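In: Have a look; sequence and predicted model below, questions after that.
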Amino acid sequence: MKKVLALVICTALSGICLAANAPGFKVTKRYPVPGNGGFDYIVFDSSSDRLYVSHGTEVNVLDANSGKVLGKIENTPGVHGIAIVPDLHRGFITDGKNASVTVFDTKTLKTRKTIAVGQDPDFTFYDPQTQRVFVCHGDAGEITAIDPEKETVVGKIPLGTGAEAAVLNGKGDGFVNLEETAQVVKFDPKALTVQQKWPITGCKTPTGLAMDTSGNRLFIGCRSRVLAVMDASNGKVLTTLPIGERVDAVAYDPENKVIFASNWDGTISVIRQKSADEYESVGDIQTQKSAKTMALDPKTKRLFLSAAEMESSPGKNGERTRMRPKPQTFNILVVERQ
């Protein structure tokens, strides 16, 4: 990464800061995906070079290199997250609208089973160390642990409020954002217990979360337009840096020491890690408005983002107007460094 310090122009009257473009990054490809509906998480599976993409009431499966649509897993109402267990050739999908997890075969893309869980299952991930799939719940305010081989719930971690994104350090510790209370919870993924609960100083509405496991640092995307850097040993927020509007995902490239925060406003905010305690903004990658969910290929360093053209939709029963994807405009953006 070139040592380029982005020029930041702050307008005193508006209080808005505009960052220069991040050097060398750009959208290189767009993969069109058929079908309509909203979208949430996108997951890159390094074991197969596939993308698993939440989309309406299904998950689309794409070849990450060509963009070819390989198939889909249907009947996943309110789909949010996808977790892949390579050794078992199984995937787990959170179905937010019917409080369940769909288990599917990654070879055939056929549904194997539906597991009942608590309300509002959202983000999900697999932990190779404990060999468990974990599901973060919004309304239920808990994390559910699933045995992926037996396809059964083995326990829960009560959190008291909605769980957003989570990460593991590979040393027996997990960390999860609490969106409503702006806190990070440290938990034991084996014992299924809460160990610590820390306020995220200077942050409101935390969403995306990534980790530098060697440096023991958490990178927290906040809807208050900052990225917070937290010491994972004690919960101290070391610094905050400006990012774009409505962040949803954060990714960390440990080899190049770069943090990415993808935002609804059509930018990826790029932050360089100078040391475990020093960070600087190096600008924004221009993407597409609505492209707030993101996945990183750790080998090639490609970034994949879900996006669609948006249009206003009248609210029902006097509710406010909402934005929705225009039909047949959903696509996957590929961002690479040139």
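Out: Happy to help now that I have it. Numbering: from 1, shown residues only.

In: Now name the helix or strand holding the residue lying closest to Leu296 once chain neighbours are set aside.
Out: Excluding its sequence neighbours, the residue lying closest to Leu296 (CB to CB, 6 or more residues apart in numbering) is Ala251, at 4.0 Å. Yep, even glycine has a C-beta here, placed from its N, CA and C like the rest. Taking DSSP states H and E as the criterion, the element that holds Ala251 is strand 247-253.

In: Mind giving me the packing neighbours of that strand?
Out: Contact here means 3 or more CB pairs under 8 Å, 6 or more residues apart in numbering; DSSP states H and E; on that basis strand 247-253 packs against strand 206-212, strand 217-222, strand 258-263, strand 293-296.

In: Which elements pack onto the helix or strand just after the third one?
Out: Think strand 258-263. Next helix or strand after strand 258-263 toward the C-terminus (DSSP H and E): strand 267-275. Contacts defined by 3+ CB pairs under 8 Å, 6+ apart place strand 267-275 against strand 237-242, strand 258-263, strand 278-286.

In: which neighbours does strand 267-275 have in its sheet, and in what orientation?
Out: Sheet pairing of strand 267-275 (DSSP bridges) gives strand 258-263 (antiparallel), strand 278-286 (antiparallel).

In: Now do the longest one and strand 217-222, the angle between them.
Out: In terms of direction (axes from the mean of the first three to the mean of the last three CA atoms, to 10 degrees), strand 278-286 departs from strand 217-222 by 40 degrees.

In: Can you list the buried residues in strand 278-286?
Out: The neighbour-count check on strand 278-286 (16 or more other CB atoms under 10 Å) flags Tyr279, Ser281, Val282, Gly283, Asp284, Ile285 as buried.

In: Wait, the first one touches Ala261, no?
Out: No - taking CB atoms under 8 Å as the contact criterion, Tyr279 and Ala261 are not neighbours in contact, 11.9 Å apart.

In: quick one on the thing from earlier: adding mean neighbour count and distance to Asp95 as columns, could you present the helices and strands packed on strand 247-253 in a markdown table?
Out: Shown next, in a markdown table, are these (neighbours: other CB atoms under 10 Å; distance: least, CB to CB, whole Å):
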| stretch | mean neighbour count | distance to Asp95 |
| --- | --- | --- |
| strand 206-212 | 23 | 20 |
| strand 217-222 | 26 | 25 |
| strand 258-263 | 27 | 24 |
| strand 293-296 | 23 | 17 |
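
In: Name the residues linked to the residue lying closest to Pro254 once chain neighbours are set aside by a beta bridge.
Out: Leaving out its chain neighbours, the residue that sits closest to Pro254 by CB to CB, 6+ apart is Asp212, at 6.3 Å. For Asp212, the beta-bridge partners are Arg217 (DSSP bridges).

In: quick one: Asp212 and Asp277 touch, right?
Out: No - with contacts counted by CB under 8 Å, Asp212 stays clear of Asp277, the gap being 11.4 Å.

In: Which residue lies nearest the spatial centre of this protein?
Out: Ala249 (4.0 Å; CA atoms, centre = their mean).

In: what stretches of this protein score poorly on pLDDT?
Out: Regions of the chain meeting the criterion pLDDT under 70 cover residues 1-20, 318.

In: domains in it, as residue ranges please.
Out: In terms of domains, the chain is parsed into 1-32+207-338, 38-199 (source: automatic domain parsing).

In: any residues in contact with both of Tyr279 and Ala261?
Out: Residues within reach of Tyr279 and of Ala261 at once, by CB atoms under 8 Å, 6 or more residues apart in numbering, are Ile271.

In: So what sits opposite the residue nearest to Val117 when sequence neighbours are not counted in the bridge?
Out: Once flanking residues are discounted, Val117 sits nearest to Thr144: 5.0 Å by CB to CB, 6+ apart. Note on Thr144: beta-bridge partners by DSSP bridges are Val135, Lys156.

In: can I assume Asp87 sits in a helix?
Out: Yes - assignment of Asp87 by DSSP: H, G, I helix; E, B strand; the rest coil places it within a helix.

In: From here on, call the first residue 42.
Out: Shifting the count to begin at 42 puts that one at Asp128.

In: Could you give the number of residues near it?
Out: When neighbours are defined as other CB atoms under 10 Å, Asp128 has 11 of them.

In: Confirm for me that Val194 is in contact with Ile184.
Out: No - judged on CB under 8 Å, Val194 makes no contact with Ile184 at a distance of 11.2 Å.

In: quick one: which helix or strand includes the closest residue to Ser141 other than its chain neighbours?
Out: Computed as CB to CB, 6+ apart, the closest residue to Ser141 that is not its neighbour in sequence is Thr155, at 5.1 Å. Counting by DSSP H and E, the element that carries Thr155 is strand 152-157.

In: I'd like to check the angle between the helix or strand just after that strand and strand 247-253, please.
Out: Of the helices and strands lying after strand 152-157 in sequence (DSSP H and E), the nearest is strand 162-168. If you take the same axes, to 10 degrees, strand 162-168 sits at 10 degrees to strand 247-253.
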